[in-house]
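Trainee: any chance you can model this:
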Amino acid sequence: MRIEPGVQFANRYLIERQLSRGGTATVWLATDEALSRRVAIKVFHSPDASLWREAKAAEVLDHPNIVTIYDVGEVDGQPYMVMEYVPGHDLRRLLDKEAPLSVERAARLFLKIAEAVAAIHERHLIHRDLKPNNIIVMPTERVKITDFGIARLPGERPNGEVWGTPAYVAPEVLRGEPPTPAADVYSLGIIFYEMLAGRHPFDALSARAMAEAHLSQTPPPLTAFNPHVPPGLARFVARMLEKDPHARPEDARAVADWLQHYLDASTDTTRPLTGLVTLPTEAES
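Mentor: Below you'll find the model as predicted:
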C-alpha cells in the first residue's frame, strides 16, 4: 500500500508525517486511534531480519532510556514495527550544531547514555551499532537508545560477520572476533570523545581508512581539541578507546559507575566539573 499523510495504516494508525528515511526502512509519525496516542512506525522496504531482532530485544528490555516497541506486523508484504514516539532529535544533530559540549553537560548527558547501555548489557544483549544517530535527545535532555536491528541476542552464536557503522566499530570486531560488551564500550568512547572534542577521534575519508585507524592509530589526546577537559576524564575516555578490549572498562555498567563517581566527586553542584582536582583513579574504576 502507498503510505502518506492521512492514510490509515494497518487499520489502526493514522499517518501524520514522515520522520526519517534510511536504506532499509522509513519511519512515520502516526496516531494510534485505538489508544489515542502518538507512535512512530518503522516500515521496512523489504523483509528484514532486523525486525525480528528488534522485536526479540524488546522482550527483554524495559528501561526509561530505551525506546519501547509496542507491536510488529506486516501489511501487503511490508513488515512494520510500532514504537514509542520520542519528541526530540538525535545526538548527531545536537553535536553538529553545538559540539564540543561543556564538560559538565557532556558528562551528565553521557551518563544517561551509559546507564541505558548498562541496562542492555545486564540483559546479556550487545547493541553493536551505538552511534549518535541512534541516540535521541529529548528537549529535557533525557535520552533514548534506539535501533536494535543488529543487536546480538542472548544465546546467539557468532558467525564471523562484521556488523556496525564503520566510524564506531571496535578493532576486535573488525578482526572478526566475537563481540563482547567491551565492543559497545569502544563505540561509547568515540561518542563521548565527539561530545567533548567536537570531532571524531580519527581523520578518515573512507570506510577502509577508518577501519585502519581503528586497528592501528592512537586517537589524539582530548585536551588537544578541548583544553577544558580534566586530565582524569581524558584518561578515562582514552581507556574506553584502547585497542585491546581487556584494557577497557568491561561493560557499560563499569563506565556508568566510574562517571557517576566522577560527578559525585564535586560536593558543590554549582561548581563546574573543570574545577575538580580530586578524580577517581583508573584503579578505582
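Trainee: list the residues that contact residue 4.
Mentor: By C-beta atoms under 8 Å, 6 or more residues apart in numbering, the contact list for residue 4 reads residue 15. The C-beta positions use only the backbone N, C-alpha and C, and glycine is treated the same way.
Trainee: so what's residue 63 closest to, chain neighbours aside?
Mentor: Leaving aside its sequence neighbours, residue 63 sits nearest to residue 119 (C-beta to C-beta, 6 or more residues apart in numbering; 4.1 Å).
Trainee: list the contacts for that neighbour?
Mentor: Residue 119 sits next to 61, 63, 65-66 when contact means C-beta under 8 Å, 6+ apart.
Trainee: give me the secondary structure label for it.
Mentor: helix (DSSP: H, G, I helix; E, B strand; the rest coil).
Trainee: what about it, distance to residue 208?
Mentor: From residue 119 across to residue 208, the span is 34 Å (C-beta to C-beta, to the nearest Å).
Trainee: okay, now the unreliable bits of the protein?
Mentor: Scanning the chain for pLDDT under 70 picks out 48-60, 148-164, 266-285.
Trainee: now the strands: where do they sit in it?
Mentor: Assigned by DSSP state E, the strands in the chain fall at 8-9, 13-21, 25-32, 37-44, 69-75, 78-84, 89-90, 135-137, 143-145.
Trainee: report all helices and strands that the first one contacts.
Mentor: Spelled out, that is strand 8-9. Helices and strands touching strand 8-9, as assessed by 3 or more C-beta pairs under 8 Å, 6 or more residues apart in numbering; DSSP states H and E, comprise strand 13-21.
Trainee: cool, the second one as well?
Mentor: Judged by 3+ C-beta pairs under 8 Å, 6+ apart, strand 13-21 is in contact with strand 8-9, strand 25-32, strand 37-44.
Trainee: ok, which of those strands comes nearest residue 193?
Mentor: Closest of these to residue 193 is strand 25-32, at 27.8 Å (criterion: C-beta to C-beta).
Trainee: strands paired with the closest one, and their directions?
Mentor: Looking at strand 25-32 with DSSP bridges, its partner strands are strand 13-21 (antiparallel), strand 37-44 (antiparallel).
Trainee: kindly export that strand (C-alpha atoms) in PDB.
Mentor: Extracted in PDB, the C-alpha atoms of strand 25-32 (Å, rounded to 0.1, in the frame of the first residue of the first chain):
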ATOM      1  CA  ALA A  25      13.200   1.500   6.400                       C
ATOM      2  CA  THR A  26      11.100   4.600   6.600                       C
ATOM      3  CA  VAL A  27       9.800   5.900  10.000                       C
ATOM      4  CA  TRP A  28       6.400   7.700  10.200                       C
ATOM      5  CA  LEU A  29       4.700   9.600  12.900                       C
ATOM      6  CA  ALA A  30       1.200   8.400  13.400                       C
ATOM      7  CA  THR A  31      -1.700   8.300  15.800                       C
ATOM      8  CA  ASP A  32      -2.800   5.000  17.300                       C
END
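Trainee: could you check how far that strand is from the centre of its chain?
Mentor: 21 Å (C-alpha atoms, centre = their mean, to the nearest Å).
Trainee: run the angle between it and strand 78-84 for me.
Mentor: Between strand 25-32 and strand 78-84, the angle formed by their directions is 60 degrees, by axes from the mean of the first three to the mean of the last three C-alpha atoms, to 10 degrees.
Trainee: show residues contacting strand 25-32.
Mentor: Applying C-beta under 8 Å, 6+ apart, the external contacts of strand 25-32 come out as 3, 9, 12-21, 37-45, 48, 70, 82, 85.
Trainee: for it, buried residues please.
Mentor: Residues 25-32 are the ones in strand 25-32 that count as buried (16 or more other C-beta atoms under 10 Å).
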